[in-house]
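Student: What follows is a predicted protein model with its sequence.
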Amino acid sequence: MLTAEALTPTGSDAVPTGQADGVRLRVWVQDGPPLGVAHVSRAVASGLVDGRALGCRRSLRRVVTGPGREVDARQGLACALLLALDDCWAGRWEEAERLTERALTTFTVTECVDLAEGFRGCLGVIAALRGEVTPRSRGLLELLPESSSRRPPWARQEYARLMRSLSDQRFDSAFEEASALMEAEEVPFAERAAWGSLALIEAAARTGRTATAKDVAGHVASFVASLPKGRVLWEHRMLAAQAIVAQPEVAPRLYLSALAVPGVQRWVFEVARTKLLLGEQLRRNREPDQATPVLWEALWTFGPLGAQPWERRAGRALRTRGTTPMDARKPPSSALSAIDLHVADMAAAGYTNKEIGQALFLSPRTVASRLYRVFPELGVSSRAGLRDALRRLEGVEEIGLRRAR
């Protein structure tokens, strides 16, 4: 049962402004020690909560990958962790894993348990968003020492299960799992709110627990109001939370406001998730023509990221219009874009250029030009050969949009 105390920030929940720490870090990585361990810990904690760029990525990378002066383990690991967190938030998940592997095989992590937990959290977030209860990066996790302190929620399998329940739209399970995360009062409120608040609000709203959803959204708004201005991701989260609990006719405007927060586009997954929520709301509002392009944008983001459960959720929303989205993870031909393949597959399924254009918001002339480009790439000269050509593509079978039966 959620308590008022569980939703109330304390003095220890203050999130550092980041600008001063960014300046100190830049001096630290370029000129050596005078930066204390506390400043690095603050920067790492802030990176886990909202991944704000610290303005010194190039200098951080030079410490981790470039030649130069000797670097002690803590300094090297801290720089690598900040880079990995930045990659995590920006959707460069494989790069974050490669950087983690390089750092853990270059520097000794045994004496830096706090930073080890940061790496564990970063890898845990990536696994959860991919829908992996058992991370594919478990070999890297085995290189990390165990901490005597309680592991943060997002670094544990419970968070992965919560995100899987949410992406599968099992909202009753998601509500219980998100409630447990938000009740972990030994974890600062900023961290609980960062990883559990939107999940809890959506799950509560979708299971008829309207009062709980509005209560949590109110606490998030109060917390964000206490932060310095310019906290882009927190402003985005607050507006998305308000949209979830708003009246249906008001919600789309709030989602659009969340997506319009200056600088938020660098948080790739968060933006795609908000677009998915917006598309689903527009669909419930019986505005399919507005919902479809937003849902496609979400799908085309989740696919390349490797967030397959979320890709499937966007696909389920699109099916309500009588179509089934193709595999969005990567185009099977490097010369063809995802849109080219959608056009080709619809043509193979019997759609006219006009129908394809209406479904994908393209003009008939654009559809024709894309097909003209697709034919030689697939080795065919007409629509009649498209279906077999698409099926012959390596690793792709029965892709694409199918006419509703």
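Tutor: Sure thing, it's come through.
Student: got the residue ranges for the helices in the stretch 151-300 of the chain?
Tutor: Applying DSSP state H, counting those that start in this stretch to the stretch 151-300 of the chain gives helices spanning 157-167, 171-182, 189-206, 210-225, 232-245, 251-259, 268-284, 288-305.
Student: show me where pLDDT drops low in the stretch 51-200 of the chain?
Tutor: In the predicted model of the stretch 51-200 of the chain, residues 51-72, 111, 133-138, 140-141, 143-157, 185-187 satisfy pLDDT under 70.
Student: so who does the residue nearest to A180 when sequence neighbours are not counted touch?
Tutor: Nearest-residue entry for A180: E158, 6.8 Å, with adjacent residues in sequence omitted and distances by CB to CB, 6 or more residues apart in numbering. No exception for glycine: its C-beta is placed from N, CA and C like everyone else's. By CB atoms under 8 Å, 6 or more residues apart in numbering, the contact list for E158 reads E177, A180, L181.
Student: Disregarding residues adjacent in the polypeptide, which is nearest to the first one?
Tutor: Distance criterion CB to CB, 6+ apart; nearest residue to E177, sequence neighbours excluded, is L162 at 3.9 Å.
Student: Please report the distance of the one you found from I244.
Tutor: Separation of L162 from I244 (CB to CB, to the nearest Å) stands at 16 Å.
Student: Which of these two has more residues huddled nearby?
Tutor: L162 (27 against 23; other CB atoms under 10 Å).
Student: Would you confirm that the more buried one contacts A174?
Tutor: Yes - if you go by CB atoms under 8 Å, L162 and A174 touch, sitting 6.1 Å apart.
Student: Select, out of the helices of the stretch 151-300 of the chain, the one closest to V374.
Tutor: Closest to V374 of the helices of the stretch 151-300 of the chain, according to CB to CB: helix 288-305, at 17.6 Å.
Student: buried set for the closest one?
Tutor: 291-292, 294-303, 305 (16 or more other CB atoms under 10 Å).
Student: So which elements touch it?
Tutor: helix 268-284, helix 308-319 (3 or more CB pairs under 8 Å, 6 or more residues apart in numbering; DSSP states H and E).
Student: Out of these, the one nearest V125 is which?
Tutor: helix 268-284 (9.3 Å).
Student: Other residues contacting that closest one?
Tutor: 89-91, 129, 198, 202, 233, 236-237, 240, 243-244, 248, 251-252, 255-256, 258-259, 264-265, 288, 290-292, 294-295, 297-298, 301-302, 305, 307, 310, 313-314, 317, 320.
Student: Kindly export the helix or strand containing A96 (C-alpha atoms) in CSV.
Tutor: A96 is part of helix 93-106, with elements assigned from DSSP states H and E. Only the C-alpha atoms of helix 93-106 are listed here, as CSV (Å, rounded to 0.1, in the frame of the first residue of the first chain):
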residue,chain,number,x,y,z
TRP,A,93,22.8,0.9,-25.9
GLU,A,94,25.4,-1.3,-27.7
GLU,A,95,28.0,1.5,-27.4
ALA,A,96,27.2,1.7,-23.6
GLU,A,97,27.9,-2.0,-23.3
ARG,A,98,31.1,-1.8,-25.3
LEU,A,99,32.3,1.1,-23.2
THR,A,100,31.5,-0.8,-20.0
GLU,A,101,33.4,-3.9,-21.2
ARG,A,102,36.4,-1.8,-22.1
ALA,A,103,36.4,0.0,-18.7
LEU,A,104,36.0,-3.1,-16.7
THR,A,105,38.8,-4.9,-18.5
THR,A,106,41.1,-1.9,-18.3
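Student: Next, the angle from it to helix 268-284.
Tutor: Put simply, helix 93-106 runs at 150 degrees to helix 268-284, going by axes from the mean of the first three to the mean of the last three CA atoms, to 10 degrees.
Student: And the helix or strand that helix 93-106 is followed by, what's buried?
Tutor: Using DSSP H and E, the next helix or strand after helix 93-106 towards the C-terminus is helix 113-130. For helix 113-130, the neighbour count (16+ other CB under 10 Å) marks 114-130 as buried.
Student: So for A347, which of the helices and strands packed on helix 288-305 sits nearest?
Tutor: Among the helices and strands packed on helix 288-305, helix 308-319 sits nearest to A347 (CB to CB), with 18.3 Å.
Student: Tell me the first helix or strand C-terminal of that closest one.
Tutor: Next element after helix 308-319 (DSSP H and E): helix 338-348.
Student: Check which helices and strands that next one sits against.
Tutor: Partner elements for helix 338-348 (3+ CB pairs under 8 Å, 6+ apart): helix 353-360, helix 364-378, helix 386-392.
Student: Deepest-packed of these, please.
Tutor: helix 353-360 (a mean of 18; mean count of other CB atoms under 10 Å).
Student: tell me the angle that helix makes with helix 338-348.
Tutor: Going by the same axes, to 10 degrees, helix 353-360 makes 140 degrees with helix 338-348.
Student: Now do helix 353-360 against helix 308-319, angle only.
Tutor: Using the same axes, to 10 degrees: helix 353-360 against helix 308-319 is 130 degrees.
Student: Give me the contact list for helix 353-360.
Tutor: 292, 296, 321, 323, 339, 342-343, 346-347, 351, 362-364, 366-368, 371, 401.
Student: name the element the nearest residue to L99 once chain neighbours are set aside belongs to?
Tutor: Sequence neighbours aside, A84 is the residue nearest to L99 in space, at 4.9 Å (criterion: CB to CB, 6+ apart). A84 belongs to helix 73-89 when assigned by DSSP H and E.
Student: State the pLDDT value of S369.
Tutor: pLDDT recorded at S369 is 83.
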